[in-house]
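A.B. asks: need coordinates for the below:
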Amino acid sequence: MDDLRALDVDETAERVYRTLLRSPGSDAAGLSAALDLSVARVRRAVAALERAGLATRTAGPTARFRPVPPDVGLEGLVLRKEGELERVRRLAELLMAEYRETAQSGPPELVEIVSGADNVLDRFDQLQRAAASEIQVMDTPPYAGNQGPSTNDVEFEVLRRGVTCKAIYDRAALEKSPRAIDAIARYVAAGEQARVTTRLPLKLATFDRKLAIVPQSMDQQDIAGAIVVHPSSLLDVLLYVFEQMWTHATPLAEQPPYFVDAADSDDTPSPEERRLLGLLASGMKDEAIAHHLDWSYRTTRRRIATLLTKLRADTRFQAGLYASRRGWL
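C.D. replies: Numbering: from 1, shown residues only. All right, here's what the predicted structure looks like:
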């Protein structure tokens, strides 16, 4: 976000500040004309800039305003904001100490029930952003609307912070979703360690091996309910399940062919191959593809095998992954 709202400078005040940088010494009337704002709004904005240390005014019958240079004014705001955040951090430590003292006086909280789709998403994002070292995810059906997994934008933020992200994907679900395959390619390019397996027993995410989140129901079609698992034997079991599934899953990023850039290959698919890729990605069986394309069953199998060889793929899932990365889907 390329604006100053993070420093508590609103849009109008920022526009006035940028104008002053270009035209220092402007008065309220000049700023009003330049920005098509009322004089009253300009004066309120200038007053806000003065309070923030971003503008000064000259003495005289007509006040004129000058900007404080950005390297001085904005740095001061950043330092002020950092000071406020540090005070909040210290307060959080004090509150956490009070929380631990209260928690120790009673039975430990083993699980936390989160109800409502928005609350579940907010809690999941909060857990991701709070992770300091590692996030582990198992991604499997069912999905809301049967549309496959959705993009998790917060993961890119987490990866940029250096947090290790491991994800195991259910092969059957991804074979039906080119959108999901493309998302995985972007996650891996950003640093995710991705693997795929034939069947996962449940959806799961763990955070720093201290907390986990699972659906409230094993077969729920939406995210209306979730359980956050705190340190306990149940959490130990969930961590063990992930480790076992991870050990036996197939890595998606250890061999060069998995994520080939389009520029690395001069091959382009023929129109028939594009149609075949689309049908494979939709999850169609060979018989249905043969009927749809008016091919014999033997011809269909042969062309699928040829396409997998062209993509250097061992499975349909890999073929969809490579094709998506090359821009063929």
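A.B. asks: where do the helices sit along the stretch 101-250 of the chain?
C.D. replies: Under the criterion DSSP state H, counting those that start in this stretch, helices of the stretch 101-250 of the chain are mapped to 117-130, 153-160, 171-175, 178-190, 233-248.
A.B. asks: save those as TSV, and put in distance to residue 203, mean neighbour count and mean pLDDT too.
C.D. replies: Using the backbone N, CA and C atoms, a C-beta is placed for each residue, glycine as well. Supplementary listing: the helices of the stretch 101-250 of the chain in TSV, determined by distance: least, Cβ to Cβ, whole Å; neighbours: other Cβ atoms under 10 Å; pLDDT from 0 to 100:
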stretch	distance to residue 203	mean neighbour count	mean pLDDT
helix 117-130	11	15	90
helix 153-160	15	15	91
helix 171-175	11	21	69
helix 178-190	14	19	77
helix 233-248	11	14	93
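A.B. asks: can I assume residue 24 is in contact with residue 66?
C.D. replies: Yes. Between residue 24 and residue 66 there is a contact at 4.8 Å, judged by Cβ atoms under 8 Å.
A.B. asks: Serialize the helices of the stretch 101-250 of the chain to CSV and add fields for distance to residue 14.
C.D. replies: Formatted as CSV, the helices of the stretch 101-250 of the chain follow (distance: least, Cβ to Cβ, whole Å):
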stretch, distance to residue 14
helix 117-130, 26
helix 153-160, 24
helix 171-175, 44
helix 178-190, 31
helix 233-248, 46
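A.B. asks: for these, which one sits closest to residue 92?
C.D. replies: Taking Cβ to Cβ, helix 117-130 is the member of these nearest to residue 92, at 11.1 Å.
A.B. asks: how about that closest one as PDB, C-alpha atoms only?
C.D. replies: Extracted in PDB, the C-alpha atoms of helix 117-130 (Å, rounded to 0.1, in the frame of the first residue of the first chain):
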ATOM      1  CA  ALA A 117     -17.000 -18.600   8.600                       C
ATOM      2  CA  ASP A 118     -15.600 -15.100   9.000                       C
ATOM      3  CA  ASN A 119     -14.400 -15.900  12.500                       C
ATOM      4  CA  VAL A 120     -12.700 -19.100  11.300                       C
ATOM      5  CA  LEU A 121     -10.900 -17.200   8.500                       C
ATOM      6  CA  ASP A 122      -9.800 -14.400  10.900                       C
ATOM      7  CA  ARG A 123      -8.500 -16.900  13.400                       C
ATOM      8  CA  PHE A 124      -6.600 -18.900  10.700                       C
ATOM      9  CA  ASP A 125      -5.000 -15.700   9.400                       C
ATOM     10  CA  GLN A 126      -4.100 -14.700  13.000                       C
ATOM     11  CA  LEU A 127      -2.500 -18.000  13.600                       C
ATOM     12  CA  GLN A 128      -0.500 -17.700  10.400                       C
ATOM     13  CA  ARG A 129       0.700 -14.200  11.100                       C
ATOM     14  CA  ALA A 130       1.700 -15.100  14.600                       C
END
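A.B. asks: quick check: the gap between residue 210 and residue 110.
C.D. replies: Applying Cβ to Cβ, to the nearest Å, the value for residue 210 to residue 110 is 13 Å.
A.B. asks: sorry, slip of the keys, the one I care about is residue 273.
C.D. replies: For residue 273 relative to residue 110 (Cβ to Cβ), the value is 53 Å.
A.B. asks: before we move on, what about residue 135?
C.D. replies: According to Cβ to Cβ, residue 135 stands 21 Å off from residue 110.
A.B. asks: higher neighbour count, the two?
C.D. replies: Set residue 135 next to residue 110 and count neighbours by other Cβ atoms under 10 Å: residue 135 wins out with 21 against 14.
A.B. asks: what are the bridge partners for that one, then?
C.D. replies: residue 165, residue 207 (DSSP bridges).
A.B. asks: thinking it is in contact with residue 159, fair?
C.D. replies: No. Using Cβ under 8 Å, residue 135 is not in contact with residue 159, being 9.3 Å away.
A.B. asks: any regions of this protein where pLDDT drops low?
C.D. replies: By pLDDT under 70, the low-scoring segments of the chain are 1-2, 99-108, 143-151, 173-179, 219-222, 253-267, 281-283, 325, 329.
A.B. asks: domain ranges for it, per the record?
C.D. replies: 5-68, 112-254, 260-326 (automatic domain parsing).
A.B. asks: return the residues in contact with residue 32.
C.D. replies: Contact analysis of residue 32 by Cβ atoms under 8 Å, 6 or more residues apart in numbering lists 38-39, 41-42.
A.B. asks: what's the PyMOL line that selects buried ones from the residues you listed?
C.D. replies: Buried subset of the contacts of residue 32, written as a PyMOL selection, criterion 16 or more other Cβ atoms under 10 Å:
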select buried, resi 41+42
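A.B. asks: got any residues that touch both of residue 135 and residue 159?
C.D. replies: residue 165.
A.B. asks: in stretch 275-295, what's buried?
C.D. replies: Judged by neighbour count (16+ other Cβ under 10 Å), stretch 275-295 contains these buried residues: 276-277, 279-281, 284, 289-290, 295.
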